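Asks: Structure of the sequence below:
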Amino acid sequence: MITNVKFYHDKDVVNVMDDNIDVEVLLDNGERYTATFFTLKNIASILERYKNSGECLSGLYFWASNLIIIDNLHKETIREAIDDLVKNGEFFSSFSRVE
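Replies: Next up is the predicted model:
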């Protein structure tokens, strides 16, 4: 089913414990799906930043499309999570199709 997994980040080095990364999954039928993986620490860091910037009612809330929370951003951990989502039939609910 999955033929390729691509990782997109706006910098060269990812802090695997406090960051987020966009992931694109290519299926064997040519369809592409995307989601963003966040660590809990990264969400806390973002909310703290929002408190200072005033965004999202000064950190009162946080949201992201196709958000998946993961323990760390090691590529192997993300691949394992994707495989589990496929195995449990939750992949198409947690990722969005790229048109």
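Asks: For Val14, which non-adjacent residue is closest in space?
Replies: Distance criterion CB to CB, 6 or more residues apart in numbering; nearest residue to Val14, sequence neighbours excluded, is Leu73 at 5.4 Å. Any C-beta I mention is one placed from the backbone N, CA and C, and that applies to glycine too.
Asks: Can you report how many residues lie near that neighbour?
Replies: 22 (other CB atoms under 10 Å).
Asks: How about the one 5 residues further on?
Replies: Per other CB under 10 Å, the neighbour tally for Ile78 reads 19.
Asks: Make sure it is actually in contact with Asp22.
Replies: No - counting by CB atoms under 8 Å, Ile78 does not reach Asp22; the two are 10.9 Å apart.
Asks: shared neighbours of the two, which are they?
Replies: Taking CB atoms under 8 Å, 6 or more residues apart in numbering as the criterion, Ile78 and Asp22 both touch Phe7.
Asks: Now Ala81. Its backbone dihedrals?
Replies: When read as degrees, to the nearest 10, the backbone of Ala81 gives phi -60, psi -40.
Asks: quick one, what contacts it?
Replies: 37, 68, 70.
Asks: from those, which ones fall inside strands?
Replies: 37, 68 (DSSP state E).
Asks: Which one (most neighbours) among the contacts of Ala81?
Replies: Phe37 (22 neighbours).
Asks: can you tell me how far that residue sits from Phe62?
Replies: 15 Å (CB to CB, to the nearest Å).
Asks: ok, now Lys51?
Replies: With distances taken as CB to CB, Lys51 is found 11 Å from Phe62.
Asks: and what of Asp19?
Replies: Here Asp19 is placed at a distance of 15 Å from Phe62 (CB to CB).
Asks: okay, the two: which has more neighbours?
Replies: For Asp19 and Phe62, the more surrounded residue by other CB under 10 Å is Asp19, and the numbers stand at 18 against 14.
Asks: didn't that one look like it was pressed against Leu73?
Replies: Yes - counting by CB under 8 Å, Asp19 touches Leu73, with 5.7 Å between them.
Asks: okay, and the common contacts of these two?
Replies: What both Asp19 and Leu73 touch, as defined by CB under 8 Å, 6+ apart, is the set Thr39.
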